[in-house]
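Colleague: Provided below for reference: sequence and predicted model.
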Amino acid sequence: MKYKSVKGLLTKDESLIPVTFIDKLEDVLHGFLGIILFVISVLAAGYSLLRL
(Lines give C-alpha, C1' and ligand atoms only; values in the text may rest on other atoms or scores of the structure.)
Protein backbone atom coordinates (compact mmCIF):
# COMPACT_ATOMS: atom_id res chain seq x y z
CA MET A 1 0.00 0.00 0.00
CA LYS A 2 1.39 3.37 -1.00
CA TYR A 3 1.30 6.29 1.38
CA LYS A 4 0.76 9.91 0.48
CA SER A 5 3.77 12.11 0.08
CA VAL A 6 3.85 15.50 1.75
CA LYS A 7 3.30 17.18 -1.61
CA GLY A 8 0.26 14.95 -2.18
CA LEU A 9 -1.17 16.09 1.16
CA LEU A 10 -0.56 19.73 0.31
CA THR A 11 -2.20 19.48 -3.11
CA LYS A 12 -5.11 17.31 -1.87
CA ASP A 13 -4.11 14.62 -4.38
CA GLU A 14 -5.76 11.38 -3.23
CA SER A 15 -4.59 9.21 -6.11
CA LEU A 16 -1.78 7.56 -4.12
CA ILE A 17 -3.84 6.38 -1.17
CA PRO A 18 -7.13 4.47 -0.84
CA VAL A 19 -10.11 6.37 0.53
CA THR A 20 -10.88 3.48 2.88
CA PHE A 21 -7.49 3.97 4.51
CA ILE A 22 -8.30 7.65 5.11
CA ASP A 23 -11.65 6.66 6.65
CA LYS A 24 -9.94 4.15 8.95
CA LEU A 25 -7.34 6.73 9.93
CA GLU A 26 -10.06 9.26 10.81
CA ASP A 27 -11.90 6.63 12.88
CA VAL A 28 -8.69 5.82 14.78
CA LEU A 29 -7.97 9.51 15.38
CA HIS A 30 -11.50 10.18 16.62
CA GLY A 31 -11.36 7.19 18.96
CA PHE A 32 -7.93 8.25 20.24
CA LEU A 33 -9.13 11.82 20.89
CA GLY A 34 -12.21 10.48 22.67
CA ILE A 35 -10.05 8.34 24.96
CA ILE A 36 -7.73 11.28 25.71
CA LEU A 37 -10.67 13.56 26.54
CA PHE A 38 -12.17 10.85 28.77
CA VAL A 39 -8.89 10.37 30.66
CA ILE A 40 -8.47 14.13 31.10
CA SER A 41 -12.02 14.51 32.42
CA VAL A 42 -11.52 11.61 34.86
CA LEU A 43 -8.23 13.06 36.09
CA ALA A 44 -9.80 16.51 36.49
CA ALA A 45 -12.72 15.04 38.46
CA GLY A 46 -10.36 13.05 40.70
CA TYR A 47 -8.17 16.10 41.27
CA SER A 48 -11.16 18.28 42.20
CA LEU A 49 -12.40 15.58 44.59
CA LEU A 50 -8.98 15.36 46.25
CA ARG A 51 -8.96 19.14 46.73
CA LEU A 52 -12.21 19.04 48.74
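Modeller: Structure received.
Colleague: buried sites along stretch 35-49?
Modeller: Within stretch 35-49, no residue counts as buried by 16 or more other CB atoms under 10 Å. Any C-beta I mention is one placed from the backbone N, CA and C, and that applies to glycine too.
Colleague: longest helix anywhere in the protein?
Modeller: helix 19-51 (DSSP state H).
Colleague: tell me the mean pLDDT for it?
Modeller: For helix 19-51, mean pLDDT is 89.
Colleague: remind me what it packs against, helices and strands.
Modeller: Helices and strands touching helix 19-51, by 3 or more CB pairs under 8 Å, 6 or more residues apart in numbering; DSSP states H and E: there are none.
Colleague: report the contact partners of D23.
Modeller: If you count contacts by CB atoms under 8 Å, 6 or more residues apart in numbering, D23 has none.
Colleague: against L43, how distant is it?
Modeller: 31 Å (CB to CB, to the nearest Å).
Colleague: count of neighbours near L50?
Modeller: 7 (other CB atoms under 10 Å).
Colleague: same question, F21
Modeller: 14.
Colleague: same check, this time on the one 3 residues further on
Modeller: Residues near K24, counting by other CB under 10 Å, number 11.
Colleague: do E26 as well
Modeller: One way to gauge burial is a neighbour count; for E26, by other CB under 10 Å, it gives 10.
Colleague: repeat for G31
Modeller: Using other CB under 10 Å: G31 sits among 10 other residues.
Colleague: tell me how far it lies from G46.
Modeller: Applying CB to CB, the value for G31 to G46 is 23 Å.
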